[in-house]
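In: Predicted model follows, preceded by the sequence.
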Amino acid sequence: MNSRKITTQISKAADFLNVKKWDYGASFSNDFSVQVDKGEAKQLKATQKQVITIRVWNESNLVGITTTSDISESGIKKALNQANLASDFGNKNEGTEFSPLAKDPIKLKEVKISNPVGIKKLLTLLREAEVKLIKSHESIKSVPYNGLSESFFERVYANSDGAFRSYSKSQAVLYLYARAEEEDKKPRSSGSIKLGYGVDDIDIEACIKEASNKTISHLNYSPIKTDKYLICFSPESFLTIINAFSSMFNARSILDGVSLSKKNSIGEKLSTEALNIYDDGLHEKNISSSPFDGEGTPTKRLCLINKGKIENFIHSESTARIFKTNPTGHAGLGSKVSVSPDWIVVEKSKENYDLKTSLDHSNYQGEFVYIEELNAIHAGVRASQGSFSLPFDGWLYKNGTKISIEAATVAGDIKYLLKNIVNIESNQEVTPSGISPHIWVDELSITGDA
């Protein structure tokens, strides 16, 4: 797709309609995906998408917005006119402007763009993976949730002030979720997901092995007694809980009154001094990285928690203007712009003297609950109140042996959780949603069926 040509078309249409101020974001993609069921093709899908979102400011500086998939000259002119008409109904209470950083240099990661392998090869690879996973253990009867996909896309932002930026990328995803059944026992399930810049980058064998091992490890299960336990969060589960409460760092959420933080919360102690948290969308391990956000602001590494204290909020142009700071590269594109984190990185700070370093998930001999994966996030989290009650998959460890927990929920308060971290292990692990070490928290409530 010729993004420069589209920008020129929008500029000409704006001149024709006497629109002085506009910007747009565009996404052009080709996606291929397959799913299988016991060797048969369950779903084969190939899609081509082209979406342009155009914003227009009228003479009263109110914003109108429209979205179209018609990128012909007439389609663009019609969309621009619709946005112009919509601007008469723009939000008078809170406006938005161009990002002051929309012309700043962006950092483009040097990554290869893979060539598509096609539906036929995707189907063959996924069929083979399903067969290998089922054969890996006699109790694994099926792989009910699975998929292999590849995407090729271009993202664009430009405005009437001369800003223009774009990038292209490819991405592939494999997920396998197995179901194991044994006589007189409940079915048990677990899975694995792997990402890459292309299908050839994905370690399919590692995905099969991880899905198999995790599923098998849940076959020997037992109920757990309701009580307070020492908890070890897996990197993935800790990142899940941080993302669920990311409104603590979100300036948009603060302004809307749905955050635990306030405008003056910068510098507030939120956790143990041993904890650092960053949002690092450009991290070399982030397959899904974007060099700029919906407003064209460059993406960067941003410290959210430094030695336990809130150091920064994430901003769009409008929230940054209200807070008298700069946008951070976390905005969407709209008349009221959304703000969201990119890729969370959790680290142990240098202020870690009080940690119980003997706590190591690989060799600790005492009793603790290991939380592998948290579920039902949208139903079990009250972000504006700080509370959570979430079902989880995990194990109870005693004297170096582990048994899968049949069914249980973990409940608590996010501020209590962060302030009661007793160890942050040294080894960080890469997950699809970020990077984190294992995190130990003392005295969290577990509700079980025993």
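Out: Cool, the structure landed.

In: now for the strand ranked longest in the chain, which elements pack on it?
Out: With secondary structure taken from DSSP state E, the chain has its longest strand at strand 140-159. Secondary-structure packing of strand 140-159 (3 or more Cβ pairs under 8 Å, 6 or more residues apart in numbering; DSSP states H and E): helix 3-16, strand 21-37, helix 119-135, strand 164-180, helix 204-216. To be clear about C-beta, it is placed using only N, CA and C from the backbone, and glycine gets the same treatment.

In: For the third one, buried residues please.
Out: Buried positions in helix 119-135, judged by neighbour count with 16 or more other Cβ atoms under 10 Å: Ile119, Leu122, Leu123, Leu125, Leu126, Arg127, Ala129, Glu130, Lys132, Leu133, Ile134.

In: and which of those is nearest Lys109?
Out: Of all the buried residues of helix 119-135, Leu122 has the smallest distance to Lys109: 25.2 Å, by Cβ to Cβ.

In: For that closest one, give me its contacts.
Out: Applying Cβ atoms under 8 Å, 6 or more residues apart in numbering to Leu122 gives the contacts Phe32, Ser33, Val34, Leu148, Ser149, Glu150, Val199.

In: The helices and strands packed on strand 140-159: which one's closest to Gly434?
Out: With Cβ to Cβ as the yardstick, what comes closest out of those is strand 164-180 (16.1 Å).

In: If you average the pLDDT over that closest one, what comes out?
Out: Strand 164-180 shows a mean pLDDT of 96 in the predicted model.

In: May I have it exported as PDB, CA atoms only?
Out: Once non-C-alpha atoms are left out, strand 164-180 reads as follows in PDB (Å, rounded to 0.1, in the frame of the first residue of the first chain):
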ATOM      1  CA  PHE A 164       4.500  11.500   8.500                       C
ATOM      2  CA  ARG A 165       5.700   8.200   9.800                       C
ATOM      3  CA  SER A 166       5.200   4.500   9.000                       C
ATOM      4  CA  TYR A 167       6.600   1.100   9.600                       C
ATOM      5  CA  SER A 168       6.000  -2.400   8.300                       C
ATOM      6  CA  LYS A 169       6.200  -5.700  10.200                       C
ATOM      7  CA  SER A 170       5.500  -9.400  10.000                       C
ATOM      8  CA  GLN A 171       4.400 -11.600  13.000                       C
ATOM      9  CA  ALA A 172       3.500 -15.200  13.500                       C
ATOM     10  CA  VAL A 173       1.700 -16.900  16.500                       C
ATOM     11  CA  LEU A 174       1.300 -20.500  17.500                       C
ATOM     12  CA  TYR A 175      -0.900 -21.600  20.400                       C
ATOM     13  CA  LEU A 176      -1.600 -25.200  21.600                       C
ATOM     14  CA  TYR A 177      -4.000 -25.900  24.500                       C
ATOM     15  CA  ALA A 178      -4.300 -29.600  25.300                       C
ATOM     16  CA  ARG A 179      -6.900 -31.600  27.300                       C
ATOM     17  CA  ALA A 180      -5.900 -34.600  29.300                       C
END
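
In: Which elements pack onto the helix or strand following that strand?
Out: Toward the C-terminal end, the helix or strand that comes next after strand 164-180 (DSSP states H and E) is strand 188-196. Contacts defined by 3+ Cβ pairs under 8 Å, 6+ apart place strand 188-196 against strand 164-180, helix 204-216.

In: Now do strand 188-196 and strand 164-180, the angle between them.
Out: With axes from the mean of the first three to the mean of the last three Cα atoms, to 10 degrees applied, the angle from strand 188-196 to strand 164-180 works out at 150 degrees.

In: circling back to that earlier point, and the contacts of Leu122, which are buried?
Out: Those of the contacts of Leu122 that meet the buried threshold are Phe32, Ser33, Val34, Leu148, Ser149, Glu150, Val199, by 16+ other Cβ under 10 Å.

In: so what's the fifth one closest to, chain neighbours aside?
Out: Leaving aside its sequence neighbours, Ser149 sits nearest to Ser33 (Cβ to Cβ, 6 or more residues apart in numbering; 3.6 Å).

In: re the thing from before, what's the closest of the buried residues of helix 119-135 to Leu230?
Out: Top of the list for closeness to Leu230, among those and by Cβ to Cβ, is Leu133 at 33.3 Å.

In: Next, count neighbours for the closest residue to Ile344 other than its chain neighbours.
Out: Spatial nearest neighbour of Ile344, excluding adjacent residues (Cβ to Cβ, 6+ apart): Gly434 at 3.9 Å. With neighbours defined by other Cβ atoms under 10 Å, the count for Gly434 comes to 28.

In: Check Ile106 too.
Out: Other residues close to Ile106 by other Cβ under 10 Å number 21.

In: if we can go back for a sec, partners of the longest strand of the chain in the sheet?
Out: When pairs are called by DSSP bridges, strand 140-159 turns out to pair with strand 21-37 (antiparallel), strand 164-180 (antiparallel).

In: Make JSON lines out of these and add distance to Ala14.
Out: Formatted as JSON lines, these follow (distance: least, Cβ to Cβ, whole Å):
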{"stretch": "strand 21-37", "distance to Ala14": "5"}
{"stretch": "strand 164-180", "distance to Ala14": "15"}
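
In: Of the ones you listed, which is nearest Ile322?
Out: Smallest distance to Ile322 across these (Cβ to Cβ): 19.8 Å, for strand 21-37.

In: Could I get the average pLDDT for the closest one?
Out: 96.

In: Over to stretch 401-416?
Out: Mean pLDDT, stretch 401-416: 95.

In: Show me which residues of that stretch are buried.
Out: Neighbour-count burial for stretch 401-416 flags Lys402, Ser404, Ile405, Glu406, Ala408, Thr409, Val410, Gly412, Asp413, Ile414, Lys415 (criterion: 16+ other Cβ under 10 Å).

In: Tell me which of those residues fall in helices.
Out: Ile414, Lys415 (DSSP state H).

In: Just the buried residues of stretch 401-416: which are in strands?
Out: Taking DSSP E, the ones among those that sit in strands are Lys402, Ser404, Ile405, Ala408, Thr409, Val410, Gly412, Asp413.

In: pretty sure the fifth one is touching Gly394, no?
Out: No. Shown here, Thr409 and Gly394 do not form a contact pair, counting by Cβ atoms under 8 Å, at 11.0 Å.

In: check contacts around the closest residue to Ile424 other than its chain neighbours.
Out: Excluding its sequence neighbours, the residue lying closest to Ile424 (Cβ to Cβ, 6+ apart) is Lys348, at 4.2 Å. By Cβ under 8 Å, 6+ apart, Lys348 lies in contact with Ala274, Leu275, Asn276, Leu355, Ile424, Glu425, Ser426, Pro437.
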